[in-house]
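**Q** output the structure for:
(2 chains)
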Amino acid sequence: MIERCKMRPATKILVIDDDPDLVEALKIILEIESYQVVSAFDGKEGLKKVKEENPHLIILDLLLPKEDGDVLCRELKGDPRYADIPILVLTAVAEKVDIKVFPEHKISSLPADDYVHKPIQPQDLLDRVKKLLARSK
Amino acid sequence: MGQNNRPVEKLERILGERFGIEILNAMGIAIVVLDPDFNIIWANREYRKVQEKPEEDIVGKKCYEISFGHNRPCTVEACAVRRTLKTKKDSKGLKVIKRRGEEKQLDVYSFPLPGPRGKLSYVVEVIEDNTQLYKLVELSDRLTAFASHELKTPLATIYQLTTVLRQIDLPPEKRKVLFERIISRSQHGLKTVENFLIYSKIKAGELQITPKKVNFYRDVLERVLDFHKDYTLKKGMRFICDVPKDLEVICDADYVEVIYNNLLTNAIKYGEEDTEIFIGYGDKGDRYHYFSVASIGEPIPEEDREVIFKRYVTTRKDGSGIGLDVVRELITKHGGKIWVEPCYFLSGKCLSGETVSQEYKDKTKEGNNFVFTILKKLKEIQVSH
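**A** Numbering: from 1, shown residues only, chains lettered A, B, ... in the order given. A predicted model of the protein is given here:
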């Protein structure tokens, strides 16, 4: 069992994914380290939440309703106000398998800070988040 | 039987020296004869058809000019004819040409035609237009990739929820909720597989329905609505069901459930959050039952309203293009039709069709209403168990 962290200054993480169950699972994992988790279920809501919540890190899915994750990723990284927020892309789109179907989601061309496939081991997620947050400080 | 009566000789007498040429022309495969400088000496009818050019525009011209509009030969790597000229051996390759904006994928086989003293005089190029075959292979690859993705999504979530349950100490009530989510996601995964299985049955021409008289609300809708309840709640959506509870319909309840599952999945996925989904019924006094599923969301453009029901067609980036095709096929089996029309919502009411006044349209939210019919007198089959 992974132990819960007792104290941590509020570090806000925005999870953008259209799958509410996955968001719930990620929320439980991230709350182990006492991160404050906010969520959005489509690209447009994601952008709105970035502006409203000013998160320290974003976990982003690629196939999203209303605005795709890759479009949002490029938009945020191209905007000096949000370019420094680390983005961890977490998606079921596998680079080698699904690129034929989703050519626009070529991971290697995305300006994200890290990229990982769904599903992810809880400890792996926490390690990656920690690393990205440390790098952005 | 005398020599002169042999069928071949009869044909030779009728066709004269054009005997061989006529046979080559009758073949559904393109054949062209080239000299070592790539000049076209002769081409059969199918070659002219593939190139979409008349004979006078072909003979005497360079093959690369005809195929690609180049003024130079293709590379040895790309051109089977060049390889045959170089090696004096058979060669094969793939040629992609463009005609009227469309690509044609041609499989090419080239053979040397030796002249006197073994000197290479001509090359015969045999061309098969396999554009349709390549398209089908591409579609099949695409479908496989979509099927894998659609299955991977629920499986990834189930795995994620399971790892959380296994590795994180959670209060019992939270664990119960997550277990329920896992069950629900597994059911959704099974429905996805079911869709693909039905799809393959349709493709193989093996889909048969077993119509029986059912209480439509109890035997179809209640099951469907219960199945989708969680997802609608998560999006803040709710069902408004206007189907008489005592409605009896002759149908295959399992397959009608599949129809609703597809329509409701789309309505929930593409509908706006915190809105209503209308499930309606109408009887116009004709031969059909009219059922509908309407939701608020971006209206489907008029030009897409018919094509979305065709095989492999999807206007959504994350769709496989088989869901509505399956729906259409199942409805056809029930003697009915399906179409989509724009609709308008105002304070718990949904109005659909062309009769809606402009004043009403201006005040309301737009959406899509999927209407389908089922023949009232569908022949009931007595199933013995």
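**Q** let's test this: mean pLDDT of stretch B:9-23, rounded?
**A** Averaging pLDDT along stretch B:9-23 yields 72.
**Q** for the residue of the stretch 1-150 of chain B found nearest chain A, which three-state class applies?
**A** Chain A sits closest to B:Ala145 of the stretch 1-150 of chain B, with a gap of 4.4 Å, by CB to the nearest CB. Any C-beta I mention is one placed from the backbone N, CA and C, and that applies to glycine too. Following DSSP: H, G, I helix; E, B strand; the rest coil, B:Ala145 is assigned to helix.
**Q** just the strands from the chain, written as ranges.
**A** This is for chain A. For chain A, applying DSSP state E gives strands covering A:12-16, A:36-40, A:57-60, A:87-91, A:114-117.
**Q** meant chain B, my bad for not saying
**A** Under the criterion DSSP E, chain B contains strands at B:30-34, B:40-43, B:91-99, B:102-114, B:120-129, B:212-215, B:238-242, B:248-251, B:276-282, B:288-296, B:338-346, B:349-352, B:365-375.
**Q** mean pLDDT added to those strands, as CSV?
**A** Listed next are the strands of chain B as CSV, based on pLDDT from 0 to 100:
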stretch, mean pLDDT
strand B:30-34, 93
strand B:40-43, 92
strand B:91-99, 92
strand B:102-114, 92
strand B:120-129, 91
strand B:212-215, 94
strand B:238-242, 91
strand B:248-251, 96
strand B:276-282, 93
strand B:288-296, 94
strand B:338-346, 88
strand B:349-352, 76
strand B:365-375, 92
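**Q** remind me, longest helix of chain A?
**A** helix A:122-136 (DSSP state H).
**Q** hang on, the earlier thing: tell me which of the strands of chain B is the most buried.
**A** The highest average neighbour count among the strands of chain B, using mean count of other CB atoms under 10 Å in any protein chain shown, belongs to strand B:288-296 at a mean of 23.
**Q** that strand vs strand B:238-242, what angle?
**A** Using axes from the mean of the first three to the mean of the last three CA atoms, to 10 degrees, the direction of strand B:288-296 lies 160 degrees away from that of strand B:238-242.
**Q** strand B:288-296 pairs with which strands, parallel or anti?
**A** strand B:276-282 (antiparallel), strand B:365-375 (antiparallel) (DSSP bridges).
**Q** end-to-end on stretch A:27-42?
**A** 17 Å (CA to CA, to the nearest Å).
**Q** contact partners of it?
**A** With contact meaning CB atoms under 8 Å, 6 or more residues apart in numbering or on different chains, stretch A:27-42 is reached by A:2-8, A:10-18, A:20, A:23, A:26, A:46, A:48-49, A:53, A:55, A:64-67, A:122, A:125-126, A:129-130, B:164, B:168, B:170, B:174, B:235, B:273.
**Q** give me the low-pLDDT residue ranges for the chain?
**A** Let's take chain A. A:1-9, A:94-108 (pLDDT under 70).
**Q** that's the wrong chain, I wanted chain B
**A** Along chain B, the parts satisfying pLDDT under 70 run over B:1-5, B:7-8, B:11-17, B:118, B:311-321, B:347-348, B:353-357, B:359-363, B:381-385.
**Q** can you tell me which residues in it are near chain A?
**A** B:141-142, B:145-146, B:148-149, B:152-153, B:156-157, B:159-161, B:163-164, B:167-170, B:174, B:178, B:181, B:185, B:234-235, B:269-270, B:273, B:317-318 (CB under 8 Å from any CB of the partner chain).
**Q** what's the spacing between the residue of the stretch 1-150 of chain B closest to chain A and B:Ile21?
**A** 46 Å (CB to CB, to the nearest Å).
**Q** same check, this time on A:Val116
**A** For A:Val116 relative to B:Ile21 (CB to CB), the value is 65 Å.
**Q** picking up where we left off before, can you give me the buried ones in the longest helix of chain A?
**A** A:122, A:125-126, A:128-129, A:132-133 (16 or more other CB atoms under 10 Å in any protein chain shown).
**Q** around A:Leu63, how many other residues sit close by?
**A** 21 (other CB atoms under 10 Å in any protein chain shown).
**Q** what of B:Lys174?
**A** Neighbour count of B:Lys174, defined by other CB under 10 Å: 14.
**Q** which residue is the nearest non-sequential neighbour of it?
**A** Sequence neighbours aside, A:Ile28 is the residue nearest to B:Lys174 in space, at 7.8 Å (criterion: CB to CB, 6 or more residues apart in numbering or on different chains).
**Q** same check on A:Leu132?
**A** Excluding the flanking residues, the one nearest A:Leu132 by CB to CB, 6+ apart is A:Pro86, at 4.0 Å.
**Q** run through the residues that contact that neighbour.
**A** A:56-58, A:113-114, A:132-133, A:135-136.
**Q** got the contact list for the residue nearest to the spatial centre of chain A?
**A** Centroid check for chain A by CA atoms, centre = their mean gives A:Ile59 as the closest residue, at 0.7 Å. Contacts here follow CB under 8 Å, 6+ apart; on that basis A:Ile59 touches A:13-17, A:26, A:88, A:90, A:129.
**Q** make it 10 Å
**A** If a contact means CB atoms under 10 Å, 6 or more residues apart in numbering or on different chains, then A:Ile59 has A:13-17, A:22-23, A:26, A:30, A:37, A:39, A:86-90, A:114, A:116, A:120, A:125, A:128-129, A:132 as its contacts.
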